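In: sequence-free structure coming up:
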């Protein structure tokens, strides 16, 4: 019994620390390889870009330095919007980003990352590894000559920063908001006026001179890093379009197929280790970041139930319209949302009920 327990924990430890103990057994017989990884994230988003760095370090250590992957922040090799093409054409062997960035190419790519009223981080992990998620998204990436692996999840995000309070649906009419992708499609039907990002113009200038009134943001840690509380003071929850954003590792399939089997196994272990670690880092840092934001003047609000209901119904119509245009979108949507629906009774009975009670109990202390 003790021996089985030790072996179980020893196996987990090997993955978590880089599997360094196994490297000498095969490293001498393995080829020396050098790859490049292009990130979709700037250095300011240190947790997101750090997940890619964690992955590269793991691979190097687990192969005794035989397999090195050099990490490049966004823009040094390819812009975030060009990441898919860079990996597809083997300009770089691999990339790291969020598949929601590829919405314009194919809205179905968003299911590899995050969709409105979709899966939370744990449910996403379950769908990808135990459901059909990984199989279906790999079929989607196959024409791009890419194989994808989960590599990080931010966990639940917030619902954005607003210059004014959002008390009723009418408050969203003609609201100029920086938001893109699938959420922009839904919000536009709710009356919002989505505004594209302008990298050449500071966000503060867009609020002051261009009439921007809101920005989608992400979670407390990232938003504080980006200083979003300095442009708008009302911080809304929940982030109904981002219950948990999965990040992905993209590998050119030709480069992947040339890897020795040992190296392929290391890549899979490395991506898993970095994937789990990122969610833990966000969960550990978001509470302190939220406290700092509120101490600095951010006003925390929750969306009224009436707005949430309209957002949900509008989302269903957007899905219906997209599914009617693309059978692949429909197949992935049906799998993802079917999995979500099967998970909800368990989560509602256990974690949701526990969280609601504990929140009330602690507030009364």
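Out: It's in. Remember, it's a predicted structure, so these values are computed and weren't measured experimentally.
In: and the nearest residue to residue 123 once chain neighbours are set aside, how far is that from residue 286?
Out: Nearest residue to residue 123, sequence neighbours excluded (Cβ to Cβ, 6 or more residues apart in numbering): residue 343, at 5.1 Å. Heads up, the C-betas are built off the backbone N, CA and C, glycines and all. Distance of residue 343 to residue 286, computed by Cβ to Cβ, to the nearest Å: 23 Å.
In: compare neighbour counts for those two and give me the winner.
Out: Neighbours around residue 343 and residue 286, counted as other Cβ atoms under 10 Å, are more numerous at residue 286. The numbers are 23 against 17.
In: can you get me a residue count around the closest residue to the more buried one other than its chain neighbours?
Out: Closest residue to residue 286 apart from its sequence neighbours, by Cβ to Cβ, 6+ apart: residue 220 at 4.6 Å. Neighbourhood size, residue 220 [other Cβ under 10 Å]: 27.
In: doesn't residue 265 fall inside a strand?
Out: No: counting by DSSP: H, G, I helix; E, B strand; the rest coil, residue 265 is located in no strand; its state is helix.
In: distance check, it against residue 134.
Out: Distance from residue 265 to residue 134, by Cβ to Cβ: 16 Å.
In: swap in residue 267?
Out: Distance from residue 267 to residue 134, by Cβ to Cβ: 15 Å.
In: these two - which one has more neighbours?
Out: Between residue 267 and residue 134, counted using other Cβ under 10 Å, residue 267 has the larger neighbour count: 25 against 16.
In: what residues does that one make contact with?
Out: Residues near residue 267 by Cβ atoms under 8 Å, 6 or more residues apart in numbering: 59, 149, 251, 259.
In: how about residue 105, secondary structure?
Out: Here residue 105 takes the coil state, with states given by three-state DSSP.
In: correct me, but it touches residue 84?
Out: Yes: look at residue 105 against residue 84 with Cβ atoms under 8 Å: they come within range, at 6.9 Å.
In: what sits against the residue nearest to residue 286?
Out: Contacts of residue 220 (Cβ under 8 Å, 6+ apart): 158, 286-287, 289-290, 293.
In: mind doing that once more with 7 Å?
Out: The contact partners of residue 220, by Cβ atoms under 7 Å, 6 or more residues apart in numbering, come to 158, 286, 289-290, 293.
In: phi first, then psi, for it.
Out: Dihedral pair for residue 220: phi -60, psi -40, per degrees, to the nearest 10.
In: and if you look at residue 74?
Out: Note on residue 74: backbone dihedrals following degrees, to the nearest 10 are phi -50, psi 130.
In: these two touch, right, it and residue 44?
Out: No: here residue 74 lies out of contact with residue 44, judged by Cβ atoms under 7 Å, at a distance of 9.8 Å.
In: how much space between residue 303 and residue 310?
Out: Distance, residue 303 to residue 310, using Cβ to Cβ: 10 Å.
In: the stretch 151-300 of the chain: strands as residue ranges?
Out: Counting by DSSP state E, counting those that start in this stretch, the stretch 151-300 of the chain has strands at residues 161-162, 176-178, 193-195, 214-215, 234-237, 246-252, 299-302.
In: so can I have JSON lines of these showing distance to residue 362?
Out: Formatted as JSON lines, the strands of the stretch 151-300 of the chain follow (distance: least, Cβ to Cβ, whole Å):
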{"stretch": "strand 161-162", "distance to residue 362": "27"}
{"stretch": "strand 176-178", "distance to residue 362": "33"}
{"stretch": "strand 193-195", "distance to residue 362": "38"}
{"stretch": "strand 214-215", "distance to residue 362": "31"}
{"stretch": "strand 234-237", "distance to residue 362": "18"}
{"stretch": "strand 246-252", "distance to residue 362": "30"}
{"stretch": "strand 299-302", "distance to residue 362": "16"}
